[in-house]
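Participant: Got a predicted structure here, sequence first:
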Amino acid sequence: MTDERSPDQPAPPVFPAGTSPVTAGGDPASAHVSSDTASSSDTAASAGGLSADEQRLRELGYTQELARSMSGFSNFAVSFSIVSILSGCLTLYGTGMNAGGPAMIVWGWPVVGLLTLCVGLAMAEICSSYPTAGGLYYWSAKLARSSGPAWSWFTGWFNFLGQVAVTAGVDYGAAFFANAFLSLQFGFAASPAHTVEIFAVILLLHGLLNTRGVRLVAFLNNLSVWWHLVGVAVIVGALVLLPDQHASASFVFTEFVNNTGFHNQLYVAMLGLLLAQYTLTGYDASAHMTEETHDAARSGPRGIVNAITVSLVAGWILLLGITFAIRDYDGALASDTGVAPAQIFIDAIGVNGAELLLLIVIGAQFFCGMASVTANSRMIYAFSRDGALPGSALWHRIDPRTQTPTNAVWLATGGALLLGLPALWNTTAYTAVTSISVIGLYISYVIPVYLRLRQGEAFPRGPWHLGRWSRMIGTVAVGWTAVITVLFMLPTVNPITAESFNYTPVAVAVVVGFAGLWWLASARHWFTGPRIHETPQGPAAPDAEDALEIR
């Protein structure tokens, strides 16, 4: 959704194909003015020896430290890889089968997808105004009418929690599927201990890859886009063409299943939405990568929105293909592999074909986890740059050879490992990790959206914005986030025991409690929000900086 009009002009929504003001219903004059403005900006930037992106970053208070070598497609690829329909859709497919069944799997996806798109659109508009690696917590500091440091502090901590949790969820899901493949191929039993061991190895590999530099990461993320799209086509094609029979349309679109132990069907149906909502997370990565992306004020917002829309379409096709392929519902849930989709593949096309499909899924999940560590490390880098994490000086260090925050990479992987360890003794631990990621990320997503709504017309629009649709879309985003924040803290299995307890509220309370106590005891006296500098305009700007605190 690009819109090149001036902030004072109302504009209809323009969707993410990169349309011009003319094709979007604007007028040629406004397009001409925007073009002139952009050219003037580029000229001014060149006069100061900086690119337009570097100049804008200085205006926001930072100097260029990270390597700015990512294209707009690469920026989109990071978010698309983290959303990863072959990760989220498949690792929580068994959860969907138990909580709502085919009806909720198939219909929950487009409903959640459209509501998520509202969240993404509202975030993208803010990203265009403030394209920095800090992303959400920087936005909160800039948009708050008062108490900016407090808003920024808690936004950052929620985002930190969600980022670590989504890394844990993605890589643990990859370990699930890798264990299933090893069980089929080599008889390596699908046990919690084995899965945790594989989980640790995957995290180690992702840490190593992310310390090699952003060019390698960008290349692998670009490859990931095609792996996902071709992979979905291969999986759906195999499940449609090879089996000699399929489930009926009435089963796929109307069958409701409740294996949770709860008797309230509406409650169970809502629990089933976790499959879609967990999958459609992580697209804030495009914001966190803006300091490494060309034309960041446009590429970042497009990356966010395109990651959601492409995933929404491709994910629904994938879910329909898998659900039509179900032959033995109860058998899939009780599979020795521990992964319901693996058994669905086996029943539909045989063991050899299932192993091939599992390799495609594992590859996609590996790409997803790698991109998640990338985004997580950039958030840690930016948050510690502003002194908001214990040991910030350590996590903020940049490797001079690769220009990457290496220490932040290892904090991201180490935190994810700790969050995944309860799976050794808790049967619902994976569901809890996914719930934590949704709650942490979406609260951090919606705080700046809420603050932007409070600003109204005072909000300084970037080159990509929503025009007159901004308030309506932002309101839907805030309302939906409030619903899922409560929903995914609730019990998922009845009866509730020590083994089945949903520890999401505990994990969220520990992190929020720590951040809150630290704020009250100490941080409120010294944390002033992002440590930015107000840079005078003009060619002399690079040599003159005056400290500015956000209060």
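Facilitator: Great, that's in hand. Numbers count the residues shown, from 1 in each chain.

Participant: Any stretches of the chain with poor pLDDT?
Facilitator: Across the chain, the ranges flagged by pLDDT under 70 are 1-48, 532-551.

Participant: mind listing the strands for it?
Facilitator: With strands called from DSSP state E, the chain shows them at 99-100, 257-258, 532-534, 546-548.

Participant: Who are the packing partners of the second one?
Facilitator: Using 3 or more C-beta pairs under 8 Å, 6 or more residues apart in numbering; DSSP states H and E as the contact definition, the elements that strand 257-258 packs against are helix 93-98, strand 99-100, helix 101-129. Where C-beta positions appear, they are placed from N, C-alpha and C, glycine not excepted.

Participant: Now do the buried residues in the longest one.
Facilitator: Pointing back at helix 101-129 there. Within helix 101-129, the residues scored as buried using 16 or more other C-beta atoms under 10 Å are 101-109, 112-113, 115-129.

Participant: now swap in the first one and tell me
Facilitator: Of the residues in helix 93-98, those with enough neighbours to count as buried (16+ other C-beta under 10 Å) are Y93, G94, T95, G96, M97, N98.

Participant: Out of these, flag the one nearest to I362.
Facilitator: Using C-beta to C-beta, Y93 is the member of the buried residues of helix 93-98 that lies nearest I362, at 14.8 Å.

Participant: which one is that closest one nearest to, not counting chain neighbours?
Facilitator: Nearest non-adjacent residue to Y93, counting by C-beta to C-beta, 6 or more residues apart in numbering: P341, 5.1 Å away.

Participant: Who are the contact partners of the one you found?
Facilitator: Contacts for P341 were tallied using C-beta atoms under 8 Å, 6 or more residues apart in numbering; they are L90, Y93, G94, I322, A332, V361.

Participant: So of those, which two are at opposite extremes in space?
Facilitator: Pairwise distances across the contacts of P341 peak at 15.1 Å for A332 and V361 (criterion: C-beta to C-beta).

Participant: For L466, which non-adjacent residue is spatially closest?
Facilitator: Computed as C-beta to C-beta, 6+ apart, the closest residue to L466 that is not its neighbour in sequence is E125, at 5.1 Å.

Participant: distance of the one you found from L205?
Facilitator: Separation of E125 from L205 (C-beta to C-beta, to the nearest Å): 36 Å.

Participant: Please report the number of neighbouring residues for P495.
Facilitator: P495 has 7 neighbours, counted by other C-beta atoms under 10 Å.

Participant: these two touch, right, it and G261?
Facilitator: Yes. The pair P495 / G261 is scored as a contact, 6.4 Å apart, by C-beta atoms under 8 Å.

Participant: ok so, going back, can you lay out the helices and strands packed on strand 257-258 as JSON lines showing distance to G529?
Facilitator: Formatted as JSON lines, the helices and strands packed on strand 257-258 follow (distance: least, C-beta to C-beta, whole Å):
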{"stretch": "helix 93-98", "distance to G529": "39"}
{"stretch": "strand 99-100", "distance to G529": "41"}
{"stretch": "helix 101-129", "distance to G529": "16"}
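
Participant: Among the ones you listed, which comes closest to Q245?
Facilitator: Checking these against Q245 by C-beta to C-beta gives helix 101-129 as the closest, at 16.0 Å.

Participant: Run the chain-centre distance for that closest one.
Facilitator: Per C-alpha atoms, centre = their mean, to the nearest Å, the displacement of helix 101-129 from the mean C-alpha position of its chain is 12 Å.

Participant: Could you do stretch 64-82 as well?
Facilitator: The chain centroid and the centroid of stretch 64-82 are separated by 14 Å, computed with C-alpha atoms, centre = their mean.

Participant: A429: neighbour count?
Facilitator: A429 has 22 neighbours, counted by other C-beta under 10 Å.

Participant: cool, C89 as well?
Facilitator: For C89, the neighbour count with other C-beta under 10 Å is 28.

Participant: now swap in F251 and tell me
Facilitator: 16.
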